[in-house]
Every structure is written in C-alpha cells, then in structure tokens.
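>>> My questions concern the predicted model and sequence given below.
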Amino acid sequence: METILVVDDEKNYLLVLSAVLEEEGYEVLTAPGGFEALEIHKASDIDLVLTDMKMPGIDGIEILERIKAYDPDLPVIMMTAHGTVDKAVEAMQKGAYTYVLKPFDNERLILYVKRAVAGFQVVKENRRLRHAAESQYRFGNIIGKSKALRDVFETIQKVAPSNATVLIEGESGTGKELVAKSIHFNSPRRENPFVAVNCSALAESLLESELFGHEKGAFTGAISSKKGRFELAHGGTLFLDEIGELSANLQVKLLRVLQEKVFERVGGIRPITVDIRVITATNRNLKDEMKAGRFREDLFYRLNVVHIVIPPLRLRWEDIQLLVDHFIKKYESSNQSTVPVKGLSQEVIRLFYEYSWPGNIRELENVIERAIILCEDGLVTIKDLPNWFKTNVFNAKLIDSVPTGAKLYETLELIEKEMIERALQMANNVQSHAADILGIGKSGLNQKIRKYNLGVGPRR
C-alpha cells in the first residue's frame, strides 16, 4: 500500500483529503505544518507529498526544497489558492510534480495522485534492481577465501574509486567479467551503464560497427544510424573481453579513443566525445603477443595501468567447497533439483580436489548443475557425475611433475604425500576432518603424517 503525506494548516482539508485518499486505497499520514511534515518524512517511507503552499512557519516551497534535497525523485504536489499561482509556478520550476487549485475537484486530484505515485513506483523498482545488481557484484559475491583471491579483492577495492584502465588476465571460466562488474559497481560510475563486448565473437567489420556505431548508408544493410558500445557506455564502464583477439586495425582505433576520448562512427566524419572507463580481459599472455608482433606495445601499456591476475581453480583448492555450496544453493533455489540436496559424498569431494578443472569455475558450476538434476537421494555421488569427468579426474599436472625414471612406489608416495598435505590444509590441520576428506581412519592418517614428517598440530 502506497503512503501519502498530506500537509495543511487547515484541519478540514486534512480530514477531507484523508477520507478521499483512503477510499482510493492509500495509507494517509497528516501533518498540520512544515516542521511536523519533515519529521514524518524522515521517519516514514513516503510515496507522495501533498502540501499546501501557504502556511505559517515552514511554507510549501521550503518543504519542497528540503524534501527534494533529501530525495530528488519523491513527487510533491502543491495545493494553492488563486492568489498564489505565481508561487505554484515557482514550485514547478523547483521540481514539484504539479499543483492544484483550492477548492479542488476530487477526480482531478485523484488523477494527479495516481500518476505521480505510479511514476514513483517505477523509480523505486529501478532503485531496487540497481541495488540488486550492485549487491550481486560486491566483493562478498565473488566466492572464495584463498590468499590469491584475497589479493584480487584488495586490488579491486583500491582501483574501483579511480578511472584507471584495468587489464584482467586469467584462464577461461575464472570469472573475469565478474571482477570487471565488481570494479564498476563499487565505483562512482555505478549509476551509469556497464557495457560488455566479447571481441572474439564477431568478425572485424562487425566488431568495428559494434564498438563505434555506424551512420546510415555506411555499408550494405546500414539502413539507419546506430550507436556503438562506446556511446552506450558514456558515463559508465566499457568491458572488452578477449582483448587479445582484436585486429591490428581496431587496436589502432582503440588506442586513439583511450588517448583522446574521441572517435567517429563507421562512415561518419563527426567526432564523438565519450566519458568512459575501459576494463579489458584476456586469456592470453599479452606480453608474449607483443613479442610475436600481434599486439601493440603502446596499447598494452595504455590498458595495463592496473593489472589483475585471476588464479585458476586448480590453484584455489581452498575455494572449491565454498563454490560447491554456492552452486548447490543456486540451483536448488531455481528448482533444478527434485529433492533437497544435502551435499557431496566424501568420494565426490575427494575427486573434486584431485581434479585439475581445466574449465575452472564455469566447469565446476556445470558439473554441480548436472549432479543436482540427477541426484535422487539428496547426496551427490559418483553416479551423478558426467562420464568425462570420471575419466579425466586424475590430475595430469601432478603426474607430469613426477621425475623421469621414478619408480612406481616413489610416484605413489609423491601423490599420497601431496594429497595428505592438501587435505590437512583444507581441514585447517584438524586431522579427524582431513581423515574424512581422504576416506581413511584417523590412526592411519597419523601414521602417514609421521612417515612423511609433515609438521602439523596434534591429532584431534
């Protein structure tokens, strides 16, 4: 139910307006003067203010000015007698929604009220959606507690308030766009657009038009003018994903925009100035690309003012359980599962920590989504995992690290030692928890800790 604040020093008007508006389904708060009205406004969630113009103490104009200073979007309708129409016009110039003349026609007043309240509901919904978007990309929504990820959080926090260009490097599926959005939504540009472009998804001619826009007739099929992503991102952030795929021609044009903040649409001659922040991302090593002559050195240093490297999931094993819990909750809430999912079996947990996750977080999410759909008894087991995952679960990186010519027993001991160290770190050196992760008894784990001379706390 929307709430309307009515302000008038004449008691009869307060009574009449309350009756009329309550009959229309509104909650009505009343105030006999400006001081009371401002106190009610601060303490209540108001959707519309309906105030008399001429009152002792704080008059309608001052009420309008104070409310607009606090909430510029809140609609205020002024009530005025014939002798103060000029003041009503002044109020309109200062942001009043409209004014009505006393004595007023109830139907006309209700029409104004409904329009003003409906417009403000749209504003409130946009605020809610924007807040949801901001909340989604705050630091707390990048899942992880590993040291490598904490370093990323710290860099985001430092760079977000600035206008510096940021280069994000990381393998596919590590969450580069999520980091870019976190920078944007924690920056002074958060109220303005975040526009993303995948530079590898379009051919060069299409990408140029997508980035810079085009004029009517610029090429076959250009039947009208079109704004590009640079214009659409004005005042906000432009995120260029897979920047390493950009052609030499577009690299030159991007460098000019970064240097001068000016460009022309395809087929156009009119210079267009933009105020944007540019964040780029790549899964390539751009320094290697520079050495190979495929990426401009001057552009690289323009983009690489702040450098963020997102670690692959195989180096963030501490984050795996947190991500698993997050994705289980996500897909349960979206009704992907037919039964409540309690979690993963110990065998599946072990496999998850042994796997190298070449597809990173995106791959983990896909595995969890599938497992939740197929899970029958609330506990994800081996049978709920895809066959390709079970086939490739052994960590190739670990096998590759085995010295050439090593004996079988030496290789097995190397793997066993690394798995025990990893389990102990996961369990914060609580040996009973580490034993559960490994699927062995506590006494057996204790023997192996002594065998490999692993310096950990006492067994619990």
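That came in fine, so what should we check first?

>>> Go through the protein and flag its longest helix.
Longest among the helix segments of the chain by residue count, using DSSP state H, is helix 106-136.

>>> Which neighbouring elements make contact with it?
With contacts taken as 3 or more Cβ pairs under 8 Å, 6 or more residues apart in numbering; DSSP states H and E, helix 106-136 sits against helix 11-23, strand 48-52, strand 76-80, strand 98-101, helix 176-185. Bear in mind the C-beta positions are built from the backbone N, C-alpha and C, glycine included.

>>> Average pLDDT for the shortest one, rounded please.
Per-residue pLDDT values across strand 98-101 average out to 89.

>>> ok, and for that strand, which residues are buried?
Across strand 98-101, burial judged by 16 or more other Cβ atoms under 10 Å covers 99-100.

>>> Mind exporting the C-alpha coordinates of that strand to CSV?
The C-alpha coordinates for strand 98-101 follow below in CSV (Å, rounded to 0.1, in the frame of the first residue of the first chain):
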residue,chain,number,x,y,z
THR,A,98,2.2,19.7,-10.4
TYR,A,99,-0.2,22.0,-8.5
VAL,A,100,-3.9,22.0,-7.8
LEU,A,101,-6.1,25.0,-7.0
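
>>> That strand pairs with which strands?
strand 76-80 (parallel) (DSSP bridges).

>>> what residues does the strand it pairs with touch?
With contact meaning Cβ atoms under 8 Å, 6 or more residues apart in numbering, strand 76-80 is reached by 8, 13, 48-54, 60, 63-64, 67-68, 87-88, 91-92, 95-102, 104, 112-113, 116.

>>> Repeat the analysis, applying 6 Å as the threshold.
Contact with strand 76-80 is made by 49-50, 52-53, 60, 64, 88, 91, 96-100, 102, 112, as judged by Cβ atoms under 6 Å, 6 or more residues apart in numbering.

>>> Show the subsequent helix or strand relative to the lowest-mean-pLDDT helix or strand in the chain.
Scoring the helices and strands of the chain by mean pLDDT, DSSP states H and E places helix 396-400 at the bottom, with a mean of 50. Using DSSP states H and E, the helix or strand that follows helix 396-400 in sequence is helix 408-426.

>>> could I get the helix or strand just after that next one in CSV with only the CA atoms?
The element immediately downstream of helix 408-426 (helix or strand, assigned by DSSP H and E) is helix 431-438. The C-alpha coordinates for helix 431-438 follow below in CSV (Å, rounded to 0.1, in the frame of the first residue of the first chain):
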residue,chain,number,x,y,z
GLN,A,431,43.3,-34.5,11.5
SER,A,432,39.9,-36.0,12.0
HIS,A,433,38.5,-33.8,9.3
ALA,A,434,41.4,-34.5,7.0
ALA,A,435,40.9,-38.2,7.5
ASP,A,436,37.3,-37.9,6.5
ILE,A,437,38.3,-36.0,3.3
LEU,A,438,40.8,-38.7,2.4
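
>>> now for helix 431-438, which elements pack on it?
helix 408-426, helix 442-451 (3 or more Cβ pairs under 6 Å, 6 or more residues apart in numbering; DSSP states H and E).

>>> roughly how far apart are E177 and D105?
Note on E177: its distance to D105, by Cβ to Cβ, to the nearest Å, is 54 Å.

>>> More neighbours: those two, which one.
Ranked by neighbour count (other Cβ atoms under 10 Å), E177 and D105 place E177 first, with 17 against 10.

>>> Tell me where the protein is predicted with low confidence.
82-84, 129-141, 334-338, 391-406, 426-428, 455-460 (pLDDT under 70).

>>> Could you list the domains of it?
Here the domain assignment for the chain is 3-132, 140-311, 314-396, 402-451, based on automatic domain parsing.

>>> what ranges do the helices span in the stretch 151-300 of the chain?
Secondary structure of the stretch 151-300 of the chain (DSSP state H, counting those that start in this stretch): helices located at 176-185, 204-212, 229-232, 248-260, 286-291, 297-303.

>>> With distance to E376 as extra columns, can I get the ones you listed in CSV?
Compiled in CSV, the helices of the stretch 151-300 of the chain are given as follows (distance: least, Cβ to Cβ, whole Å):
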stretch, distance to E376
helix 176-185, 32
helix 204-212, 46
helix 229-232, 46
helix 248-260, 51
helix 286-291, 47
helix 297-303, 49
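
>>> Buried deepest among those helices, which one?
helix 176-185 (a mean of 23; mean count of other Cβ atoms under 10 Å).

>>> Compute the inter-axis angle for it and helix 106-136.
Here helix 176-185 points in a direction 130 degrees away from that of helix 106-136 (axes from the mean of the first three to the mean of the last three Cα atoms, to 10 degrees).

>>> can you offset everything so residue one is 58?
Shifting the count to begin at 58 puts that one at helix 233-242.

>>> Need the contact partners of helix 233-242.
Taking Cβ under 6 Å, 6+ apart as the rule, helix 233-242 contacts 191, 194, 213, 217, 225, 227, 251, 294, 296, 336, 338.

>>> how close does the last one sit to T222?
Pointing back at A338 there. Taking Cβ to Cβ, one finds A338 at 12 Å from T222.

>>> And these two? Which one has more around it.
Per other Cβ under 10 Å, whichever of A338 and T222 has more neighbours is A338, with 27 against 17.

>>> my guess is that one meets D298, correct?
Yes: using Cβ atoms under 6 Å, A338 makes contact with D298 at a distance of 5.0 Å.

>>> For the stretch 308-457 of the chain, just list every one of the strands.
Ranges of strands within the stretch 308-457 of the chain are 319-320, 329-330, 334-339, 363-366, 400-401, 436-437, based on DSSP state E, counting those that start in this stretch.

>>> What are the phi and psi values at L121?
phi -60, psi -50 (degrees, to the nearest 10).

>>> One more: the one 4 residues further on?
The main-chain torsion angles of K125 are listed as degrees, to the nearest 10 and equal phi -70, psi -30.

>>> Give me the distance between the nearest residue to it once chain neighbours are set aside and L469.
Excluding the flanking residues, the one nearest K125 by Cβ to Cβ, 6 or more residues apart in numbering is G152, at 4.9 Å. Counting by Cβ to Cβ, the separation of G152 from L469 is 76 Å.

>>> The two - which one has more neighbours?
For G152 versus L469, neighbours defined as other Cβ under 10 Å are more numerous around G152 (16 against 12).

>>> Double-check that that one belongs to a helix.
No: assigned with DSSP: H, G, I helix; E, B strand; the rest coil, G152 falls outside any helix and is coil.
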